[in-house]
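[1] how would this look folded up:
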Amino acid sequence: MLRITLSAVLILTVFAFSACNDNSSTAPDLGSSNQSSVLQKTSDMTKSNGQVSVLSTTQINNGAHWEVKVDMPGDGGIVKFEYFVSNNELKEIKGLTPSFNYEVEPGNSLINYSAAKQIALNAVSGGIVEWKLEFDLSDNMWQYRFRISSGKEWEVRINATNGNVIRIKS
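    Numbers count the residues shown, from 1 in each chain. Modelled structure (predicted):
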């Protein structure tokens, strides 16, 4: 009886480990070409000529998004790029840490980060705490959002297509 019980436990353990393995047939098949495509897009947007210092490339939200964290050249800080796994299209770009002195060129007729940053700092003087580029579903447009500190914290939203300030709030 003990032999049967131990055999059953062993079989169930092997089954459980194989079912939870990332390489199992239930895990999404992403392929290295998808990861390469995402890294190439990131390199193109940062104008790093293939010298992107990638800190991590992971899938988040149950494999729905690629997340690429990049250490920007010089003293540029960390920037996170997020892509949809289904089509490798950009979901968002977010500046996580200072300094925010670098360039990101998102393409697709969107203004560059440095132009948006200058517009935001002209609207509200201060220091950038964080920034993000994303498609805002409620406004149905790509927007840059800047958190700026000047004694109090402000959020400045900029239309990423034409550079117009959409709103400023504290």
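[2] can you give the domain ranges for this protein?
    Recorded structural domains for the chain (assignment: automatic domain parsing) are 29-105, 109-170.
[3] distance between the last one and the chain's centre?
    In terms of CA atoms, centre = their mean, to the nearest Å, the centre of domain 109-170 is found 17 Å from the chain centre.
[4] then the longest one?
    A distance of 6 Å separates the centroid of the chain from that of domain 29-105, by CA atoms, centre = their mean.
[5] all strands for the protein, in order.
    53-60, 65-71, 78-84, 90-95, 127-136, 141-149, 153-159, 165-169 (DSSP state E).
[6] would you put the C-alpha positions of the third one in PDB?
    This points to strand 78-84. Output of strand 78-84 as PDB, limited to C-alpha atoms (Å, rounded to 0.1, in the frame of the first residue of the first chain):
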ATOM      1  CA  ILE A  78      15.600  54.300 -16.700                       C
ATOM      2  CA  VAL A  79      12.900  54.300 -19.300                       C
ATOM      3  CA  LYS A  80      10.300  51.500 -19.600                       C
ATOM      4  CA  PHE A  81       8.800  50.600 -23.000                       C
ATOM      5  CA  GLU A  82       5.700  48.400 -23.100                       C
ATOM      6  CA  TYR A  83       4.400  46.600 -26.200                       C
ATOM      7  CA  PHE A  84       1.400  44.400 -26.900                       C
END
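[7] which other helices and strands contact that strand?
    Helices and strands touching strand 78-84, as assessed by 3 or more CB pairs under 8 Å, 6 or more residues apart in numbering; DSSP states H and E, comprise helix 31-46, strand 65-71, strand 90-95. C-beta: built from backbone N, CA, C; applies to glycine.
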